[in-house]
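*Asks:* Could you look at this predicted model? Sequence included:
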Amino acid sequence: MATNYKILIIDDDKEFHRKIRMAFRRRFEFEGAENLSKGLMKIKEWNPHLILLDLDLEGNELFEEGIQNIQTIKGVDDNTPIIVVSAIPINEGVIRNVMDTISEGAVNFLSKQEYNGEEWNKKFMKAIRPSLSNKRLAKKNQNLQKSVKRAKKTAEEIHQFITANEELMTVKQKLQRLAELDKVHLFVTGETGTGKEVVARYYHQVSKRKDQPFVEVHFAEIQESMMESMLFGHKKGSFTDATEDKTGLFEAADGGILFLDEIGKIDKKTQRLLLRFLESYKVRKLGQNSYKKLDILIVCATNKDLEKEVTEDRFLLDLYHRLKRGMEIHLPPLRERREDIVPLANYFIDEDVRQVFSKEVLQLMNNHHWEGNIRQLKSNVEKMVMVAMIQDKEQVDMDCLTDELKVSAKMQGASSSITAQDAKTKEIIRNLQLIAKGLENKEKKMDIARKIDTNWDSDNLRSLIKTYWKKNQKLVETHPIIVEKYKTICR
């Protein structure tokens, strides 16, 4: 028998303790704690190889409280791997929370409702092995790798302009030529999520100003009462809360590029301030008399039809004409450049993640409408990759689909395990639950059989359990009492 590694279960569900100990008693040693304080004591005294932590410990209803428990354990022992368990099924609604638990230090997330003995054993060993030889060094190396990857990914997200679309490849070439001139402003239009900020950052990266500031101004995030101060800065004492001098966002971009996002959402007062600046490129802080001339290139972006806004008297005509003096770049929606979907989806997967997309998923993504464009695609890819990682899948397949892509799959008539196969699996799960409950209540085999089918007898039950054991052993193993009684029932 292999070495029995030590697993500490921190969970207030006594039945879960019993089931796990029963299912894995020949493979691991177990200690248990029903609350966090006792768990912390066990960690210090027993030095486990792995911790199973209930996310819903002691009635926690918020994921934030479960995450806090991870942080508390890490403060005591930063080396022992943690696998989070929860009674909540893993679905799209909790994927973001799952990602949060993993980012805080958990190595995996398991749902009690989706127990699978063989898969859980693999995940236990996968978590334990890296920590055996030198836990602290392994952890430091892992954190370093994550930090480097995050930094690298951030740089890529800032600078890369991913496209296979001929029209947009022409746009990239145009941006490179304009950047050499170092005097052309941009006016970028397109639906939300089409990549307007990517264009602005790419323009900055290929320009002579790449080593100078790139400053973003998201108008929708700034309170109207603070707009002038945020844009142009203020002197100490210029208004009640001005306790110190502050440099405005425009001045902070001096020498570089200023990205003005969602410009179609600003009010008339701010429009006039912006128009005045564009006429002189001078700024004056609130409470100051003198002006300062700035050397900046401006990239404006909007998802609105500004010509229509002007017609309906929501946008100043003079400002509209001033913005139109810049080079206009229009970004088509993702559904009109489907050749970009696969390159973008692959780009959003971390380099060291082994999951790739199945042909069915690629076809489904290619045919999806993507009303939210690249932003929506990125969100779906992240969720599907997370599900694939949790399930230890080698690829992102149809079982990993988000809710919206499941709907899309049905509409497209895609073949998927979410239809007939799901119904069959549900029937097996139901029958196993009836059998397990009957065994726990010490019912006769005949009575258990007739709960499944009124015409059945004990021979039918025996045959069914044998079939399930042969073809669906993983599901059978979710009920330790059936495993325990198997030989007695089927002899």
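*Replies:* Nice, I can see it.
*Asks:* Return the residues in contact with the residue lying closest to N165 once chain neighbours are set aside.
*Replies:* Setting aside the residues directly before and after it, N165 is nearest to R337 in space (C-beta to C-beta, 6 or more residues apart in numbering), at 4.1 Å. From N, CA and C alone the C-beta is placed, and that goes for glycine too. By C-beta atoms under 8 Å, 6 or more residues apart in numbering, R337 lies in contact with T163, N165, E167, L168.
*Asks:* Generate a ChimeraX selection restricted to the buried entries among the residues you listed.
*Replies:* Buried residues within the contacts of R337, by 16 or more other C-beta atoms under 10 Å, are selected in ChimeraX with:
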select :163,165,168
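*Asks:* Out of the contacts of R337, which comes closest to G117?
*Replies:* T163 (46.3 Å; C-beta to C-beta).
*Asks:* List the contacts of the nearest residue to D12 once chain neighbours are set aside.
*Replies:* Closest residue in space to D12, ignoring its immediate chain neighbours: E34 at 4.8 Å, by C-beta to C-beta, 6+ apart. Going by C-beta under 8 Å, 6+ apart, E34 touches D11, D12, K14.
*Asks:* between those, which has the most around it?
*Replies:* Within the contacts of E34, most neighbours by other C-beta atoms under 10 Å means D11, with 26 neighbours.
*Asks:* Okay, and the nearest residue to D318 once chain neighbours are set aside sits in which element?
*Replies:* Spatial nearest neighbour of D318, chain neighbours left out: L275 (5.9 Å); criterion: C-beta to C-beta, 6+ apart. Element membership for L275, per DSSP states H and E: helix 268-280.
*Asks:* again, but for V198
*Replies:* Going by DSSP H and E, V198 is in helix 196-205.
*Asks:* Okay, now the sheet partners of the next helix or strand after that helix, with direction.
*Replies:* Where DSSP H and E defines the elements, the next helix or strand beyond helix 196-205 is strand 214-218. Strand pairing for strand 214-218, using DSSP bridges, gives strand 257-261 (parallel).
*Asks:* now the partner strand: how far from the chain's centre is it?
*Replies:* Averaging C-alpha positions (C-alpha atoms, centre = their mean, to the nearest Å) puts strand 257-261 27 Å from its chain's average.
*Asks:* got the angle for the helix holding V198 vs strand 257-261?
*Replies:* Per axes from the mean of the first three to the mean of the last three C-alpha atoms, to 10 degrees, the angle that helix 196-205 makes with strand 257-261 is 170 degrees.
*Asks:* Helix 196-205 packs against which elements?
*Replies:* helix 135-159, helix 166-181, strand 186-190, strand 214-218, strand 257-261, strand 297-302, strand 327-331 (3 or more C-beta pairs under 8 Å, 6 or more residues apart in numbering; DSSP states H and E).
*Asks:* do you know how far L334 is from I374?
*Replies:* 6 Å (C-beta to C-beta, to the nearest Å).
*Asks:* Now the two most distant members of the contacts of R337.
*Replies:* Largest separation among these by C-beta to C-beta: T163 and E167, giving 8.7 Å.
*Asks:* mind checking pLDDT for G193?
*Replies:* Confidence at G193, expressed as pLDDT, is 93.
*Asks:* Wait, a strand at it?
*Replies:* No. G193 is assigned coil when assessed by DSSP: H, G, I helix; E, B strand; the rest coil, not a strand.
*Asks:* The chain should start at 271 in everything you say after this.
*Replies:* Taking 271 as the first residue, the last one we looked at is G463.
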